[in-house]
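1. sequence and predicted structure below; questions after.
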Amino acid sequence: MPTISANDITLTYTDSGGTGRPVVLIHGWPLSGASWSDQVPALTDAGYRVVTYDRRGFGGSDKPEGGYDYDTFAADLAGLLDGLDLRDVTVVGFSMGGGEVARYLGAHGSERIHSAVLAGAVPPYLLKTDDNPDGGLGEEDVAGMEEGARTDRENFLDGFTTNFFSVDGELKVTEEQRQEALAMQEPARDEAVVGCIGAFGRTDFRDDLAKIDVPTLVIHGDSDAIVPFEVSGKRSAEAIADSTLVVVEAAPHGFNVSHKDEFNAALLEFLAR
C-alpha cells in the first residue's frame with residue numbers, strides 16, 4: 001500500500017486512480033481502511049476515484065504516542081487531501097470517521113469538498129451534559145469503555161464487535177465477517193484504541209455541523225446499538241442545512257457490511273446528484 005506524509009506523520013492509503021470525482025472513505029473505530037471492502041468496488045465500478053486511508057494509530061499508518069483528538073484527525077485528513085491534491089471531493093465518514101468529516105469542514109472549510117456523508121456517525125455530540133441531555137453516553141460510560149479497552153482489550157473488543165453487527169442480540173453478519181473486523185483492530189496501538197474512545201465519546205461537533213455548507217447525506221441504521229439513530233443521525237440531519245436523511249430498516253451499526261446493498265445504493269444515488 002502507498003503512503004503519504006500528512007501532518008508530520010505517515011498515513012497508509014489506497015487510491016483506485018482514474019479521472020472520476022474523488023470519494024474519500026474514512027473508517028470507524030477500531031478498524032482500518034480495509035473495512036470499506038464492500039464499498040470500494042461498487043464506487044470504482046460507478047466511475048469514482050476511491051481513496052481510503054488508515055487513521056493514525058491504526059492499520060499500516062504511523063502509530064505515535066499521542067494526537068488522538070479530532071483537531072489532529074482533521075489536520076491529518078487535510079494533509080491527505082492536500083498531498084494528493086484532491087478537489088471536488090465527497091468525504092464519507094463512518095461512525096467515528098463522521099467526526100473527521102464534521103471537524104474538517106468546521107475547521108478547514110469546504111474549498112476542496114463537493115459533498116459529505118455521515119454514516120452511522122458520532123456527531124453531533126455523544127456525551128450527556130447539562131446542555132446536551134439527549135446525548136447517548138454518560139461520562140461513566142465513556143470511562144468504562146476506556147477502562148475495558150485499557151485493561152482487557154481483547155475481550156472488550158470481542159464483545160464490542162459482536163454488538164457492532166447485532167440487532168437485539170442477533171448477529172447480522174457471518175462469524176467470518178465478524179472475525180475479519182476483529183483482525184482489523186490487531187495492528188492498532190493501545191494508546192490509539194483508548195484515546196479514540198475519549199475523542200468520539202466526549203467531542204462536541206455541534207458548532208462544526210452548523211458550518212457545513214455542502215450537500216450532506218446522513219445515513220443510519222434504525223437498530224444501531226452502538227450509535228443510536230435518535231442520538232446521532234436524526235439530530236445531525238436536523239442540524240445540517242442541506243441534508244438528506246436515509247434510515248436503513250433493521251440495520252445494526254456495521255450496516256455497510258450487513259446491509260451493503262442498501263448502503264451502496266443510497267450512497268451512489270447521493271453521489272450522482
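-> All right, it came through fine.

2. what ranges do the helices span in the protein?
-> In the chain, the helices defined using DSSP state H lie at 40-45, 70-83, 97-108, 139-151, 153-164, 175-185, 190-202, 206-211, 233-239, 255-258, 260-271.

3. contacts for the second one next, please.
-> Outside helix 70-83, the residues within contact range by Cβ atoms under 8 Å, 6 or more residues apart in numbering are 4-7, 9, 11, 13, 24, 26, 51, 53, 55-56, 86, 89, 91, 99-100, 103-104, 107-108, 112, 199, 203, 205. All C-beta atoms are positioned from the backbone trio N, CA, C, and that covers glycine.

4. sort out for me which of these are in strands.
-> Judged by DSSP state E, these include 4, 5, 6, 9, 11, 13, 24, 26, 51, 53, 89, 91 as members of strands.

5. before we move on, back to that, filter the contacts of helix 70-83 down to the buried ones and express that as a PyMOL selection.
-> One line in PyMOL is enough to select the buried members of those, burial here meaning 16 or more other Cβ atoms under 10 Å:
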select buried, resi 4+6+7+9+11+13+24+26+51+53+55+56+86+89+91+99+100+103+104+108+112+199+203+205
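
6. next, count neighbours for residue 214.
-> Residues near residue 214, counting by other Cβ atoms under 10 Å, number 17.

7. where does it land on pLDDT?
-> Looking at residue 214, its pLDDT is 98.

8. pretty sure residue 158 sits against residue 179.
-> No: the criterion here is Cβ atoms under 8 Å, and residue 158 misses it with residue 179 at 9.9 Å.

9. low pLDDT regions in the protein?
-> Counting by pLDDT under 70, the chain contains no low-confidence residues.

10. mind listing what the spatially closest residue to residue 15 that is not a sequence neighbour touches?
-> Distance criterion Cβ to Cβ, 6 or more residues apart in numbering; nearest residue to residue 15, sequence neighbours excluded, is residue 51 at 5.0 Å. Contact partners of residue 51, counting by Cβ under 8 Å, 6+ apart, are 13, 14, 15, 16, 22, 23, 24, 25, 80, 84, 86.
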